[in-house]
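> What would the 3D arrangement of this be:
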Amino acid sequence: MVFALVALVVLALLGAVHRYVWRRFVGDTTAPGSRLRRAGTVAAFVLPLLSVGAMTSGRVGAPFWLQQVLAWPGFLWLACLLYLTLALLVGEVVRPVLLRILARRDAARAGAESGTPAGTPAETSGTPTEVPGESRPRTEELVTSGSAGVSAPSDAVTRTASHASGSEAEPETEPMAEPAASTSAPAPTPHPSRRLFVSRVVGGAAAAAGLATVGYGAYGVLRGPSVRRITVPLAKLPRAAHGFRIAVVSDIHIGPILGRAHTRRIVDTINATSPDLVAVVGDLVDGSVADLGSAAEPLAALRARHGSYFVTGNHEYFSGAEQWVDHVRELGLVPLENARVEIAGFDLAGVNDIAGETEGQGPDFGSALGDRDRGRAAVLMAHQPVVIHDAVEHGVDLQLSGHTHGGQLWPGNLLAELANPTVAGLERYGDTQLFVSRGAGAWGPPVRVGAPSDITVVELASRQA
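You can find the predicted model right below:
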């Protein structure tokens, strides 16, 4: 019931956003019945259907080729929708400003063509202008007519003659000036062509900004992760282990979009750092071993003096965690399922992801850390940062995590901060330090904005050195 309600809310929101995007990009910029409007309307229906298909095809067991067909356009459109909408919202601020500027420009042109400066009241024809501080010159003189005490202008000879002949002239009246427009009158409706021009300018700018953002973000993912290096001092680390280097990689997300070539780029990048140990911290795949086993095979080429280790992430439990644990073991990685091993100078432990609790395979800190010698330094591999409090309780010195993608798509980092203690980087919680990787791949849209993918070489430093 709750899931159905959430699904309805999400669908309603998507429908409203698509309606808004259609209106600004299609309805406001194209003529009714035109080919462009028909094409835009069709796209407004097809693209969201592709997105829904991309998100659900893997879960419902669709053939892998169909998942690949739907994934590229469907997931990319979700990223485009986000940034096109954000750009249009900025355009809503710009739109009235442009309309006002164009209205003033048109008024100035109209005033120049009529010979009347824009913004000044029209002068009344035949009415002398009275200047403050000056006396008005006398232009009239009294003329005696048939009636005593009646005065008339001296230049009105014809009127005097008419009066003398017994006919009475009509009184002459001055034309009245046209009243000024009230400042409280409603603003005129923008000219249709002016409104169309502004809609096209704002829509074009929003499309360019949104699509350029998505294009740059996709390029960042497809070219592969960059390498970061940090040094983490550990009080219990012996002098002999000073400088020990762990290549931390998380959230590779091999799937319908990121396949074998993506895995090969990551392996080559890790091997180029010559690490002492490789830690693969969950969310390796988005799909089954049957579909993606060959795409993961380049992991067999990982090279590290003390080996490569793996813990599950939440996406492994959507994809058949047991099968993937067996497969990575065949590729030469060592799965740490609520277990630990002794490395030169410290303990390396790993716990299952909390998503495994639904299958009775959740994290077990007691099994991984309960009976160890707390005089030794401990490094814990745990996919999600939220287990940091358990790590503190069990005396872990350093926890290595992923899961957040650093937010992946700005402003997604704001949402990630609500659900995770640390979104990216190194922070301290009591005597435990937590490092969170932004990940080497991407989930959903193969796009990253404001959170570039990375592989981090964590160099352990002994305070006893």
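
> okay, and for the chain, where does confidence drop off?
Residue ranges of the chain with pLDDT under 70: 1, 3, 115-192, 465.

> From the centroid of it, which residue is nearest?
residue 410 (4.2 Å; Cα atoms, centre = their mean).

> which residue sits closest to it in space, ignoring its chain neighbours?
Setting aside the residues directly before and after it, residue 410 is nearest to residue 450 in space (Cβ to Cβ, 6 or more residues apart in numbering), at 3.5 Å. Bear in mind the C-beta positions are built from the backbone N, C-alpha and C, glycine included.

> again, but for residue 57
residue 67 is the one closest to residue 57 (Cβ to Cβ, 6+ apart), at 4.7 Å.

> that older thread, just give the number of residues close to the residue nearest to residue 410.
Number of residues near residue 450 (other Cβ atoms under 10 Å) recorded here: 14.

> Also the one 3 residues further on?
The criterion is other Cβ under 10 Å. On that basis, residue 453 has 25 neighbouring residues.

> again, but for residue 363
24.

> and the residue nearest to it when sequence neighbours are not counted, what does it touch?
Leaving aside its chain neighbours, residue 363 sits nearest to residue 351 (3.8 Å; criterion: Cβ to Cβ, 6+ apart). For residue 351, the contact set (Cβ atoms under 8 Å, 6 or more residues apart in numbering) comprises 311, 336, 338, 363, 364, 365, 368, 380, 381, 382, 387.

> Dump these into JSON lines; add distance to residue 434 and secondary structure as well.
Listed next are the contacts of residue 351 as JSON lines, based on distance: Cβ to Cβ, whole Å; DSSP: H, G, I helix; E, B strand; the rest coil:
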{"residue": "311", "distance to residue 434": "15", "secondary structure": "strand"}
{"residue": "336", "distance to residue 434": "18", "secondary structure": "coil"}
{"residue": "338", "distance to residue 434": "19", "secondary structure": "coil"}
{"residue": "363", "distance to residue 434": "15", "secondary structure": "coil"}
{"residue": "364", "distance to residue 434": "20", "secondary structure": "coil"}
{"residue": "365", "distance to residue 434": "15", "secondary structure": "helix"}
{"residue": "368", "distance to residue 434": "16", "secondary structure": "helix"}
{"residue": "380", "distance to residue 434": "10", "secondary structure": "strand"}
{"residue": "381", "distance to residue 434": "12", "secondary structure": "strand"}
{"residue": "382", "distance to residue 434": "9", "secondary structure": "coil"}
{"residue": "387", "distance to residue 434": "10", "secondary structure": "helix"}
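
> Just the buried subset of the residues you listed, please.
311, 336, 338, 363, 365, 368, 380, 381, 382, 387 (16 or more other Cβ atoms under 10 Å).

> from what I can see the fourth one touches residue 349, true?
Think residue 363. No - Residue 363 is beyond contact range of residue 349, at 10.6 Å (criterion: Cβ atoms under 8 Å).

> pretty sure residue 368 is touching residue 350, no?
Yes - the pair residue 368 and residue 350 passes the contact test of Cβ under 8 Å, sitting 6.7 Å apart.

> okay, and the common contacts of these two?
Counting by Cβ under 8 Å, 6+ apart, the common neighbours of residue 368 and residue 350 are 336, 338, 339, 340, 380.

> Look up how far residue 379 lies from the fourth one.
What that stands for is residue 340. Going from residue 340 to residue 379 by Cβ to Cβ, to the nearest Å gives 9 Å.

> of these two, who's got more company?
Taking neighbours as other Cβ under 10 Å, residue 340 and residue 379 compare with residue 379 leading, 27 against 21.

> OK, contacts around the more buried one?
So residue 379 contacts 246, 346, 347, 348, 349, 396, 397, 398, 399, 400, 460 (Cβ under 8 Å, 6+ apart).
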